[in-house]
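J.: Sequence and computational prediction follow.
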2 protein chains.
Amino acid sequence: MTNRPTTTTEKPQRATLRDVATLAGVSEISVSRVMRNAPNISDGLRERVMDAANTLSYTPNRLAGALKNQSSNLVAVVLPSMSNDVFSTVLDGIDAVLDEHGLNAVLGLSEYDRDRELRVVRDLLSWSPMGIILTGLHHDETVAGMIAQLDIPVVQIMETEGRPLGSAVGMSHTKAAETAADFLFAKGYRRFGYIGAWSERPNRSRARRLAFEARLASMGAPLVAATILEERSSALAGSAATADLRARHPEIDCIFYANDDLALGGLFHALAEGIDVPNALGLMGFNGIGTGKATPLPLSSIQTPRYEIGAMAARLILRDPGEADRVVDLGFEIFEGGTT
Amino acid sequence: MTNRPTTTTEKPQRATLRDVATLAGVSEISVSRVMRNAPNISDGLRERVMDAANTLSYTPNRLAGALKNQSSNLVAVVLPSMSNDVFSTVLDGIDAVLDEHGLNAVLGLSEYDRDRELRVVRDLLSWSPMGIILTGLHHDETVAGMIAQLDIPVVQIMETEGRPLGSAVGMSHTKAAETAADFLFAKGYRRFGYIGAWSERPNRSRARRLAFEARLASMGAPLVAATILEERSSALAGSAATADLRARHPEIDCIFYANDDLALGGLFHALAEGIDVPNALGLMGFNGIGTGKATPLPLSSIQTPRYEIGAMAARLILRDPGEADRVVDLGFEIFEGGTT
DNA sequence: CGGCTAATTGACAACGTTACCAATTCGGAT
DNA sequence: ATCCGAATTGGTAACGTTGTCAATTAGCCG
């Protein structure tokens, strides 16, 4: 390797600074300085280097640069799941901002499992990312320790109620649930049901339900019944759970769902059964996904700013190192729709 | 840095092999061999090293290892978009298999833009990934050149008709469209419409439409009209486009959509207008997403194996280096549903 | 032309790990 | 106790780039 040929017509070989330098007739350091756009470079040198680099299809070896710098332009992104489009929209937002700044996301999925998250975080941190985006505010202490050891920016997404490890961006799930309770109560509903799934992973789903229940109780309309499915959310599961809940509690006049997938299922069930929505039964979801805007009765829902959460998370990662950590509450909106 | 203290209570410092070696009283090389599970290590050594590593919360610096090896355990994943749940499901499959083998995905989104894809690929390749997953079979020649230079496995996903750069996994979009045409014709439909979106990005969407048209023509039932929207797919867009197409061509008795989002919109429109589906109007989508299973009339659709495509792509990346490249056609299924 | 200053280019050593092979230790047989 | 072979441990130099500072060059002024 120390006497590598400057041109080779055999097995393809990745060009290095040395190859470009030889072809351009300059030092490796000059090639490096041109490629990273360092200041004080003559036009002549720049041109000779760029010509040589293009001729050799040179791409920098980021491993080497990151090792020397003890930092990379990777951002570790730990999401719980890609199984619905909530986090695909978040990831879209993250990638959009990272890409604008020449950074790449290296991805791990925790599947809402604490031990797996610990492992995923450890794996991703081994790449010396310049920052890490975690989902939710509750993690194993070891996760916090590992991140602290690297002293890199950490942004936690989706929730704002609690003590973040660094910065956080999301919304108040408690307030969202209370607002939903108020909204539905003001619509005249009095006998409420709730449908959740996947054993209330994540915790913020449970927090929403508890806040919803407490708010209703405080208004004198205690929750009639809640169904928490063990399976993951889906429209099919929501449809079946709605049928079951109403069979067991026909007095229920309104159901709040943990998310829109479940709520869409409830709506489809109601449409199929000829149930008078919203008059005999109100239905409200959570997230405000696109499909729910097009249903015959647009789905009432808490509209959550998922793309913006992702984009803001990336911006918080990218902020000036001297800037203090902060918690950004992006709020939510009520999408009134037609099902309540 | 050459005389770093072995313990520090100041700014957190990432532990290195040297730190662990000092604490364990062995060489750095022994620590390395323990951490990478090399053979022929005594239990005693292993225990001393693991104790020291755990005490110091040592995580390997993968940058260094990858630089030495001229390869990493990253897999570059270039997807066109995260804006619908097709690719989130694919990514789910990819991550599941990579994770089983201790690899991480580093992600780039091309937004169906050729120049952007070129840039994204270049960025991701600078991490010396051990493999790369691209979407579709058509890419700028420079992309092919860059990948060839690195001599790493490449897997292209979603399509199987054409010359892949390495291996490919997907399905035949031509055959899917022809099968849809046959299926709908056999159902008795004779006057067809087609609705696509986003100016038929990607090409395989266009290929499906052309094959659908050709098949209908060969059966004597030429396509009455096609609408190709400029905007991205959504249920709302599908709903509006369905209304528009039927207003301009009320004789149409069946519409085939580029994907399920559009088709769901068409179905919602039909439900809202009291159109007799499937008797007066048949509707068929593409992808077989979960929401379409729960609608009052389950959506007829070509069921595509998106998770399996992702998982197989990762397996093809991981196959033995000596194993020949191959094209894996995972096929598709007709989900009959209730809308045709 | 010479001297001085600013701009530009290049040298050095570092980053943390690992493949390969050498050196050392251990265990068994005589 | 000694010797030999196997098992185990450790040394070397390499990977490709970059921050810092030294060396060199270029430009300007008298």
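T.: Everything's here; your move.
J.: Okay, now the sheet partners of the helix or strand encompassing residue A:106, with direction.
T.: In the assignment (DSSP states H and E), residue A:106 maps to strand A:104-109. According to DSSP bridges, strand A:104-109 has the following sheet partners: strand A:74-79 (parallel), strand B:104-109 (antiparallel).
J.: residues of the strand or helix carrying residue A:29 that come out buried?
T.: If you go by DSSP H and E, residue A:29 is part of helix A:28-35. Of all the residues in helix A:28-35, those buried under the rule 16 or more other CB atoms under 10 Å in any protein chain shown are A:30, A:31, A:32, A:33, A:34, A:35. Where you see a C-beta, it was placed from the backbone N, CA and C, and this is true even at glycine.
J.: can I get the residues you listed in CSV with distance to chain B and pLDDT?
T.: Shown next, in CSV, are the buried residues of helix A:28-35 (distance: CB to the nearest CB, whole Å; pLDDT from 0 to 100):
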residue, distance to chain B, pLDDT
A:30, 20, 93
A:31, 15, 94
A:32, 14, 94
A:33, 17, 93
A:34, 16, 93
A:35, 11, 92
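J.: now, which of the residues you listed sits nearest DNA strand C?
T.: residue A:30 (3.2 Å; CB to the nearest atom of the strand).
J.: In space, what's closest to that closest one - neighbours in sequence excluded?
T.: Distances taken as CB to CB, 6 or more residues apart in numbering or on different chains place residue A:45 nearest to residue A:30, at 6.1 Å, with adjacent residues excluded.
J.: And the contacts of stretch A:143-150?
T.: Outside of stretch A:143-150, the residues within contact range by CB atoms under 8 Å, 6 or more residues apart in numbering or on different chains are A:117-118, A:121-122, A:125, A:128, A:132, A:134, A:154, A:165-166, B:12-15, B:57, B:59.
J.: what about that stretch and DNA strand C, touching?
T.: No - judged by CB under 7 Å from any atom of the strand, stretch A:143-150 and DNA strand C are separated, with a smallest distance of 11.2 Å.
J.: What residues sit buried inside that stretch?
T.: A:143, A:146, A:147, A:149, A:150.
J.: From DNA strand C, how far off is the third one?
T.: Okay, so that is residue A:147. Per CB to the nearest atom of the strand, to the nearest Å, residue A:147 is found 17 Å from DNA strand C.
J.: quick one, helices of the stretch 201-340 of chain A?
T.: Assigned by DSSP state H, counting those that start in this stretch, the helices in the stretch 201-340 of chain A fall at A:203-218, A:235-248, A:260-273, A:291-294, A:306-318.
J.: and if you look at the stretch 1-150 of chain A?
T.: Under DSSP H, counting those that start in this stretch, the stretch 1-150 of chain A gives helices at A:17-24, A:28-35, A:43-55, A:62-69, A:85-100, A:114-125, A:141-150.
J.: Once you drop chain neighbours, what's closest to the spatially most central residue of chain A?
T.: By CA atoms, centre = their mean, chain A has its centre lying nearest to residue A:90, at 3.9 Å. Leaving aside its chain neighbours, residue A:90 sits nearest to residue A:310 (4.0 Å; criterion: CB to CB, 6+ apart).
J.: Quick check: the one you found vs residue A:337, distance?
T.: Shown here: residue A:310 relative to residue A:337, a distance of 24 Å by CB to CB, to the nearest Å.
J.: And the residue of the stretch 151-300 of chain A found nearest DNA strand C, how far from residue B:19?
T.: Proximity of the stretch 151-300 of chain A to DNA strand C (CB to the nearest atom of the strand) peaks at residue A:151, 12.8 Å away. Distance of residue A:151 to residue B:19, computed by CB to CB: 16 Å.
J.: Residue A:106 pairs with what?
T.: Per DSSP bridges, the residues bridged to residue A:106 are residue A:76, residue B:106.
J.: shouldn't it be in contact with residue A:126?
T.: No - contact status for residue A:106 versus residue A:126: not in contact, 10.1 Å apart, counting by CB atoms under 8 Å.
J.: list the contacts for whichever residue of the stretch 101-250 of chain A sits closest to chain B?
T.: Closest approach between the stretch 101-250 of chain A and chain B, counting by CB to the nearest CB: residue A:235, at 3.5 Å. Going by CB under 8 Å, 6+ apart, residue A:235 touches A:261, A:262, A:264, A:265, A:268, B:290, B:291, B:293, B:294, B:295.
J.: could these be laid out in CSV, adding pLDDT, neighbour count and distance to residue B:302?
T.: Below are the contacts of residue A:235 laid out as CSV (pLDDT from 0 to 100; neighbours: other CB atoms under 10 Å in any protein chain shown; distance: CB to CB, whole Å):
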residue, pLDDT, neighbour count, distance to residue B:302
A:261, 94, 29, 22
A:262, 96, 30, 26
A:264, 96, 31, 21
A:265, 96, 30, 22
A:268, 96, 25, 21
B:290, 91, 20, 15
B:291, 93, 26, 16
B:293, 94, 19, 14
B:294, 94, 24, 18
B:295, 95, 26, 16
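J.: now, which of those sits nearest residue B:201?
T.: residue B:291 (22.6 Å; CB to CB).
J.: residues contacting that closest one?
T.: Residue B:291 neighbours (CB under 8 Å, 6+ apart): A:235, A:261, A:264, A:291, B:260, B:264.
J.: The nearest residue to the second one once chain neighbours are set aside: neighbour count?
T.: The reference is to residue A:261. Nearest residue to residue A:261, sequence neighbours excluded (CB to CB, 6+ apart): residue A:233, at 4.5 Å. By the criterion of other CB atoms under 10 Å in any protein chain shown, residue A:233 has 26 neighbours.
J.: In this structure residue A:233 contacts residue A:198, no?
T.: Yes - in this structure, residue A:233 is within contact of residue A:198 by CB under 8 Å, at 6.4 Å.
J.: ok, then the element right after the worst-scoring helix or strand of chain A on mean pLDDT?
T.: Ranked by mean pLDDT, DSSP states H and E, the weakest helix or strand in chain A is helix A:141-150, scoring a mean of 85. Going down the chain from helix A:141-150, the next helix or strand is strand A:154-159, by DSSP H and E.
J.: Give me the buried stretch members for that next one, please.
T.: Neighbour-count burial for strand A:154-159 [16+ other CB under 10 Å]: A:154, A:155, A:156, A:157, A:158, A:159.
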